[in-house]
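A.B. asks: Turn this into a model:
(chains A and B)
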Amino acid sequence: MEQKVDIQELSDFLLEYATCMMGSGVHTARAVRSVSRIAEVMGYGVDLTIFQRNITMTVKSPEDYSIRRTYVRRIPDLGINFRTISELSGLSWDAYDHKLPLGEVESRFRAIMEEARMSRWKVLALVACANAAFCRLFGGDWVAMALVFAATLVGFFVRQEMSARKLNHLVIFVVSSFVASLVTSAGVSRGWGGTPEIALATSVLFLIPGVPLMNSIIDILGGHVLIGVSRAMNAGLLIICIAIGLSATLLLLGKDAL
Amino acid sequence: MSWNVWEAVIFDGLFAAVAAIGFAVISNPPRQAVLISALLAAMGHGLRFYLQEYVEISLIPSTFFAAFVIGLFSILFARLIHCPAEVFSFPSLLPMIPGMYAYKTILALIRFMNDEDSEVLQASIVEIFRNGLTTLFVLSVLVIGVTLPLFIFHKQSISMTRFRKRK
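C.D. replies: Next up, the predicted model:
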């Protein structure tokens, strides 16, 4: 029988893998499956408890239950990253199908985690176009689309700048939503365009946390009810923050604007 | 179907595709996935638009059908390019997130808190409930519609990323 991987090294790696996966915004069932898959091919069993902030993990050897490790680790906030999710999930299958040694899996893992995100300016431009198109879907006219484009450009830039300075994310959402709707209201209050209420409403919609909302419902349907509810709660808080920023603008505009 | 109908549906789909691309890149998807989610968003949103405008099915069931179709096709594409299905199905749902109803709920809420006239208050309550519940149901129906195919094809959906090509 070939030599098994050292349990200490394996559990260190699995813990990092699991926390990075959860931090990138995967739904819980996928994280559990991927981790179990890697552990299984290395000849160990693994049990996980996943909460919003922490993962508790026990790795054990099926032949000898005295060989086991239990750790708790905080989940880092990496921001939602579909490429990481997709590649980490693929890595777990590669490890399983090709029986890769732990060192190889680990070096590939490091390479995946170091891949750069898309350039922030490209994201900024695309998000602005997207929100303008979104405005059109709700029946806004060309003036409304132009206003929403400008508002999203400014609002999302503010959000990027504040995230880079690591401010509280609730504050970021209130301020970005306020700024975006304020820019739109500058045009709306001059009576530009035929659909001012649509322009105002869509100008903040780029902030809606769509992916966490959907993850929360998937988790609840898949039986991970506790984490699903805490994700829904977090997304709900963010939506309330968007509403606070928007209502600040509406109060500035006065009652007539409502 | 007449040409006018096609034109309206295709335009609706095009704008949905642009919206999906922009909202997708916030979450840093793999490059091929961006185009596929744009395609799926155009299909889903166009279908919903067609069902609502020309078949006259109400908002919630037509959203469900659109999400279901997106879910089915996302499984197909997931098999083809070996990505988890949610990598393209989530971004393509984003244009259908009921932001406008959420906004109207909040607007009615503010009016309810500020006004004194009892008729306005009653009208506001109706609006808060109607728009608030629509938001909630559209959101749930979106996710249920898109995950239903994942549960139906459970075996396939967990092994999407298997046999990815090594770079």
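
A.B. asks: Now the residue of chain B found nearest chain A: phi and psi?
C.D. replies: Proximity of chain B to chain A (C-beta to the nearest C-beta) peaks at B:Gly22, 2.0 Å away. Backbone N, C-alpha and C define where each C-beta goes, glycine included. When read as degrees, to the nearest 10, the backbone of B:Gly22 gives phi -60, psi -40.

A.B. asks: isn't it right next to A:Ala128, touching?
C.D. replies: Yes. With contact defined as C-beta atoms under 8 Å, B:Gly22 reaches A:Ala128; the gap is 7.3 Å.

A.B. asks: Who has more neighbours out of those two?
C.D. replies: B:Gly22 (29 against 22; other C-beta atoms under 10 Å in any protein chain shown).

A.B. asks: could you list every residue that touches the more buried one?
C.D. replies: Each residue near B:Gly22 by C-beta atoms under 8 Å, 6 or more residues apart in numbering or on different chains is listed here: A:126-131, A:133, A:206.

A.B. asks: In chain A, what residue lies closest to chain B?
C.D. replies: Counting by C-beta to the nearest C-beta, chain A gets nearest chain B through A:Ala130, at 2.0 Å.

A.B. asks: Name the helix or strand for that residue, please.
C.D. replies: Using DSSP states H and E, A:Ala130 sits within helix A:120-137.

A.B. asks: Same question for A:Leu48.
C.D. replies: Per DSSP H and E: A:Leu48 is located in strand A:45-50.

A.B. asks: Whichever helix or strand comes after that strand pairs with which strands?
C.D. replies: As assigned by DSSP H and E, the chain's next helix or strand after strand A:45-50 is strand A:54-60. Here strand A:54-60 is paired, per DSSP bridges, with strand A:45-50 (antiparallel), strand A:68-74 (antiparallel).

A.B. asks: okay, the nearest residue to A:Leu91 once chain neighbours are set aside: pLDDT?
C.D. replies: Residue nearest to A:Leu91 in three dimensions, not counting chain neighbours: A:Arg108, with 5.8 Å by C-beta to C-beta, 6 or more residues apart in numbering or on different chains. A:Arg108 carries a pLDDT value of 85.

A.B. asks: SS state for A:Arg108?
C.D. replies: helix (DSSP: H, G, I helix; E, B strand; the rest coil).

A.B. asks: For burial, what's the neighbour tally of it?
C.D. replies: With other C-beta under 10 Å as criterion, A:Arg108 counts 19.

A.B. asks: same deal with A:Gly103?
C.D. replies: With other C-beta under 10 Å as criterion, A:Gly103 counts 11.

A.B. asks: quick check, it in a strand?
C.D. replies: No. Using three-state DSSP, the assignment for A:Gly103 is helix, not a strand.

A.B. asks: So what's the predicted local confidence for it?
C.D. replies: On the pLDDT scale, A:Gly103 gets 83.

A.B. asks: cool, B:Pro95 as well?
C.D. replies: Reported pLDDT for B:Pro95: 84.

A.B. asks: Can you tell me how far it is from A:Ala29?
C.D. replies: 26 Å (C-beta to C-beta, to the nearest Å).

A.B. asks: And B:Phe23, by the same measure?
C.D. replies: For B:Phe23, the distance to A:Ala29 - C-beta to C-beta - is 24 Å.

A.B. asks: With B:Trp6 instead?
C.D. replies: 40 Å.

A.B. asks: For the two, indicate the residue with more neighbours.
C.D. replies: For B:Trp6 versus A:Ala29, neighbours defined as other C-beta under 10 Å are more numerous around A:Ala29 (16 against 12).

A.B. asks: I'd guessed that one sits against A:Leu221; true?
C.D. replies: No. Between A:Ala29 and A:Leu221 there is no contact under C-beta under 8 Å: 9.7 Å.

A.B. asks: Which residue is the nearest non-sequential neighbour of A:Gly222?
C.D. replies: A:Ala29 (4.8 Å).

A.B. asks: Tell me the predicted confidence for that neighbour.
C.D. replies: At A:Ala29, pLDDT is 85.

A.B. asks: can you give me the offset of the host helix or strand of it from its chain's centre?
C.D. replies: Take DSSP H and E as the rule and A:Ala29 turns out to sit in helix A:28-41. How far helix A:28-41 lies from its chain's middle: 20 Å, per C-alpha atoms, centre = their mean, to the nearest Å.

A.B. asks: ok, now stretch A:57-75?
C.D. replies: Its chain's C-alpha centre and that of stretch A:57-75 lie 28 Å apart, by C-alpha atoms, centre = their mean.
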